[in-house]
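# I would like to see how this sequence folds:
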Amino acid sequence: MPLGPFFAVQELYLDHHPWLQSLLRKHLGNREDAADLAHDTFVRVMRSELSPADLREPRGFLATVARGLVADLFRRRTLEQAYLEYLVALPEEQAPSPEDQAQAQQALLEVDALLRALPTKVRQAFLLAQLEELPYAEIARRLGVSHRTVSNYLTRAMEHCCLAMV
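Next up, the predicted model:
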């Protein structure tokens with residue numbers, strides 16, 4: 001990274017980090033999560049193509065990035081909680097080892113991220129087909145689209161999943 005962008009991010013960080021961390025602490029009610037997400041927000045800024053020096057409303061931009069990270073955090077925790085509840089309901093002899101549990105949890109998070117990258121209707125069609133095993137006609141009815149559109153959605157979703165495996 002050339003020094004110019006580095007100093008722009010440094011200035012953005014010094015000017016807005018305390019404000020952002022305070023904002024996140026109010027929303028999350030947790031100092032540690034707020035600190036982590038404030039840090040992650042600035043990491044995202046550094047990885048983006050956007051130059052911090054070009055931001056007209058830096059706090060608005062930072063708050064938007066942070067809101068996305070908060071949503072990701074809650075989604076991840078919801079997934080983790082659902083998995084833990086599933087594990088508790090299993091008979092002890094069927095419970096996976098801690099290593100298998102960690103691998104399954106990581107796989108769930110990866111699948112969730114993969115599916116979130118799909119447009120909403122494509123993701124919904126895919127989930128209806130895979131989890132509820134609905135026929136194309138029923139998926140089309142539920143989503144208010146044509147049978148051909150459902151076919152296109154599912155092709156797109158499968159293509160997306162296959163490319164992610166490469």
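# so which residue is smack in the middle of the chain?
Closest residue to the average C-alpha location of the chain: Asp72 at 4.3 Å, with Cα atoms, centre = their mean.
# okay, that one: pLDDT?
On pLDDT, Asp72 comes in at 86.
# and it, helix, strand or coil?
helix (DSSP: H, G, I helix; E, B strand; the rest coil).
# and the gap between it and Val111?
14 Å (Cβ to Cβ, to the nearest Å). C-beta here means a position set from N, CA and C on the backbone, and glycine is covered the same way.
# now do Gln105
In terms of Cβ to Cβ, Gln105 sits 11 Å off from Val111.
# again, but for Leu118
According to Cβ to Cβ, Leu118 and Val111 sit 11 Å apart.
# which of these two has more neighbours?
Comparing Leu118 with Val111 by other Cβ atoms under 10 Å, the one with more neighbours is Leu118, at 18 against 13.
# surely that one and His160 touch.
Yes - contact between Leu118 and His160 holds when scored by Cβ atoms under 8 Å: they sit 5.9 Å apart.
# quick one, helices of this protein?
3-28, 31-47, 58-89, 98-116, 120-130, 136-143, 147-165 (DSSP state H).
# can you give me the buried ones in the fifth one?
Of the residues in helix 120-130, those buried by neighbour count under the rule 16 or more other Cβ atoms under 10 Å are 122-126, 128-129.
# could I get those residues as CSV with distance to Ser22 and pLDDT?
Compiled in CSV, those are given as follows (distance: Cβ to Cβ, whole Å; pLDDT from 0 to 100):
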residue, distance to Ser22, pLDDT
Val122, 38, 93
Arg123, 34, 91
Gln124, 37, 92
Ala125, 41, 93
Phe126, 40, 91
Leu128, 42, 91
Ala129, 45, 91
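# which one of these is nearest His39?
Arg123 (29.1 Å; Cβ to Cβ).
# what about the closest one, distance to Leu163?
15 Å.
# how is this protein partitioned into domains?
Annotated domains of the chain cover 1-95, 117-166 [automatic domain parsing].
# closest one to Gln101 among those?
domain 1-95 (6.6 Å).
# I'd like to know which of the domains of the chain has the weakest mean confidence.
Taking the mean pLDDT of these, domain 1-95 comes last: a mean of 85.
# distance to Gln101 added to the domains of the chain, as CSV?
Below are the domains of the chain laid out as CSV (distance: least, Cβ to Cβ, whole Å):
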stretch, distance to Gln101
domain 1-95, 7
domain 117-166, 22
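# tell me if I'm right that Arg31 and Arg25 touch.
Yes - between Arg31 and Arg25 a contact is recorded at 5.8 Å, counting by Cβ under 8 Å.
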